[in-house]
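1. Using only what follows, build the 3D model:
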Amino acid sequence: MRSFFSAIAITLSVAACVTHADETNDLQPARDLQVFLKTARKADSFEQVLPLLPEETRDDYQRQESVWDKDAIRSAVKESSLFGDSADLFARTPYEKGLGRYRSMADKIRKYVSTEIDGDEATVHVETRVNGEWNPATVRMVREGAHWKFDDLKIDLEW
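-> Purely as a prediction, here's the structure:
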């Protein structure tokens, strides 16, 4: 994690010397990714992560959470043949699953490499650590207003 933030700090230091506005703005997706990573890794609830996701994703999670009937689901799990981790995973609310999903993704991202911007979409190239192996990956970011929102992580795993 320290190397990711070091790369961002070095990049931001270089950007401070650049006077062209477009070049400096190219770093904004990486800055917003850094905010997402810090927040997702430390979040106690999914409500802390939601504002850093695109509106469509937030709406989907909020819709799912609003119709989730925890008691009915847990009752169904008790009556089923599910047990242990399977039962726990099935009974988790959409927010609980979302927090686990985004925290897991944030924990894998270790190094910043570069950023490419195409309109309101950005691709942030990073290095991830999965099962002790370094793997290149891309983070898709979507611009909403003045901020870039974390949309997806794709890891290029080599088998």
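2. and the spatially closest residue to His147 that is not a sequence neighbour, which of the three is it?
-> Of all residues not flanking His147 in the chain, Asp32 sits nearest, at 5.6 Å (C-beta to C-beta, 6 or more residues apart in numbering). The way it works is simple: take the backbone N, C-alpha and C, and place the C-beta from them, glycine included. Here Asp32 is recorded as helix under DSSP: H, G, I helix; E, B strand; the rest coil.
3. Which residues are in contact with Asp32?
-> Taking C-beta atoms under 8 Å, 6 or more residues apart in numbering, we find Asp32 in contact with Leu52, Met141, His147, Trp148, Lys149, Phe150.
4. cutoff 7 Å now
-> Counting by C-beta atoms under 7 Å, 6 or more residues apart in numbering, Asp32 makes contact with Met141, His147, Trp148.
5. who wins for most neighbours among the residues you listed?
-> Trp148 (28 neighbours; other C-beta atoms under 10 Å).
6. what bridges to that residue?
-> Assessed by DSSP bridges, Trp148 has beta-bridge partners Arg143.
7. Which phi and psi values does the closest residue to Thr93 other than its chain neighbours adopt?
-> In space, and not counting its chain neighbours, Thr93 is closest to Trp68: 5.2 Å by C-beta to C-beta, 6+ apart. In terms of degrees, to the nearest 10, the main-chain angles of Trp68 are phi -70, psi 120.
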